[in-house]
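Colleague: give me coordinates for this.
(chains A and B)
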Amino acid sequence: MRSGLRLRQGMKAAIPIWIAFVPSSLAWGIAAQAHGMRLEEVVLMSAWVYSGPAQFAVLAPLAEGKSSLQVIVAGFLMNLRFLPMSTALAPYFHGVKRLPLLLSSHVISASSFIVPYLQFQKERQSDAQDFAVTQASDGYGNLAFFLGVGASSFAVWVVGTAVGYGVALGFPAGFEEVLRFILPGYFAGLLVVEMRGWAMPLVCLLALIVAVPGALASPGWGWLLTAIVAALLIWRLEEWKTRASKSS
Amino acid sequence: MEVGRVENSRIEIILIMGLMAFAVRALPQLFLVGRQFPDSWDRLLRYLSYAFICSIISVTLFMRGGTYESHAAPSRGLALAAAVVVAHRTKSAVTGMLFGTLLVLVFSWLR
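Modeller: Numbers count the residues shown, from 1 in each chain, chains lettered A, B, ... in the order given. Predicted coordinates for the structure are as follows:
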C-alpha cells in the first residue's frame, strides 16, 4: 500500500522530466533516422542503453560503421558518470533484495537520479527519527518512489524515440541539413543552460575547438582522445587552483 | 549480404554498450552500499561527459566522412553560436535548438 503511494508520488515528481524528455527523445529519434539507423536498432538502443548523451555520442560512428571498439569505449566512458549517481542512491535502498535492485538500476539516468536523490535528502533532513532506522525501514518505499520517477521517464524516452523516428520519415527531401543540426543544436543548448562556474565552459570550448583537428589527425579515435585530454587538462587545472587557494 | 552483416554487428554493438551501461548502473547498488564517491572523481566523470558531447557536436557539424566541410562550416558554426546564445538567454535548450535550426534552414535556402 505504502509502496503504491510512493510509486505515485514518484510519478508525480517525474512530470518535469517527462516534459524535458519529450524534445530530446524526439530529437534523438529524428537524428537516428537521418543517420540511416533502423527503427528496431533505435528503439533497442533507447531501451537497452538508455543514455541520451551516450546515444548521441556514438550515433555517427555507429551509423558510419566505424570501429566497434571505438563506439563501445566512447559509450562506456560516457556512461561512467552513472557510477557516482548509483553509489549515491544505494544507501537509500537499504534492506531491498538484490534482484529488485538489479532490475531497477537500469532506469538510473541523470534526471531520474537528481529528483529521487533530492527527495530522499529532504525526507532525511525533515525526519526526526534516527537516519539509520529510517533507511532500514523504508528501503522498499524509496525504491518505489525511485521507480515512479525512473520507470515512467524511461517509458517516455523510449516511446519518444520511436515517435521521433516516425516524424523524421515524414520530412520532405532536401531537409538533410536541418535534420543534421537538430541533435547537436539541442545538446549544445542543454549544456549552455546547465553551465556553472568556469571549468565547465572551458572544458566545452576546448573540446569543441580541438575535436576537428583531432579527428583529421586520427579519423577513428581523434575526437575521443582530444575530448579526454580536454577534460583531464581542465580537471587538473581546477584541482591545482583549489589546492592553491586552500594553502594561501 | 554486406548490409546484413553491418546491421547485425550494429545490434551486437548496441547490446554490448547496454550491458556495460547496465554494469555501471548496477554494480554500485550491489557492492558500493554505504561508500562515498570522491567529489573530485565525480567532477572528472562529469567533465568527460561534457567534453565528449562537445567533441561530437563539433565532428557531427563540421565533418563528413573524415573530411572537414569548409564550405558549410561558417554557416553551421554561426547557427550553433546562435543556438547557444538563444538557449543561454531564454534558459531553454529547445528554443535555442529551434532558432539554430531555423538559421540552418535559411542558410541552406540562400546557398
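Colleague: pLDDT of the host helix or strand of B:V104, averaged?
Modeller: Per DSSP states H and E: B:V104 is located in helix B:93-110. When pLDDT is averaged over helix B:93-110, the result is 90.
Colleague: show me where chain B has its strands.
Modeller: B:63-64, B:67-68 (DSSP state E).
Colleague: ok, the residue nearest to the spatial centre of chain B - contacts?
Modeller: With distances taken as C-alpha atoms, centre = their mean, the residue of chain B nearest its centroid is B:I53 (3.9 Å). Shown in contact with B:I53 (C-beta atoms under 8 Å, 6 or more residues apart in numbering or on different chains): A:P53, A:F56, A:A57, A:F187, A:L191, A:C204. To be clear about C-beta, it is placed using only N, CA and C from the backbone, and glycine gets the same treatment.
Colleague: out of the residues you listed, which is most surrounded?
Modeller: Within the contacts of B:I53, neighbour counts (other C-beta atoms under 10 Å in any protein chain shown) peak at A:A57, which reaches 29 neighbours.
Colleague: how near is it to B:F107?
Modeller: Using C-beta to C-beta, to the nearest Å, A:A57 is found at 26 Å from B:F107.
Colleague: pLDDT and distance to chain B for the contacts of B:I53 - can I get that in CSV?
Modeller: Output for the contacts of B:I53, formatted as CSV (pLDDT from 0 to 100; distance: C-beta to the nearest C-beta, whole Å):
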residue, pLDDT, distance to chain B
A:P53, 83, 5
A:F56, 84, 7
A:A57, 82, 5
A:F187, 84, 5
A:L191, 88, 6
A:C204, 95, 5
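Colleague: ok, longest helix in chain A?
Modeller: helix A:139-169 (DSSP state H).
Colleague: now do that one, average pLDDT.
Modeller: Computed over helix A:139-169, the average pLDDT equals 94.
Colleague: in it, what's buried?
Modeller: A:139-154, A:156-162, A:164-165, A:168 (16 or more other C-beta atoms under 10 Å in any protein chain shown).
Colleague: could you do stretch B:103-111 as well?
Modeller: By neighbour count on 16+ other C-beta under 10 Å, the buried set for stretch B:103-111 is B:L103, B:V104, B:F107, B:S108.
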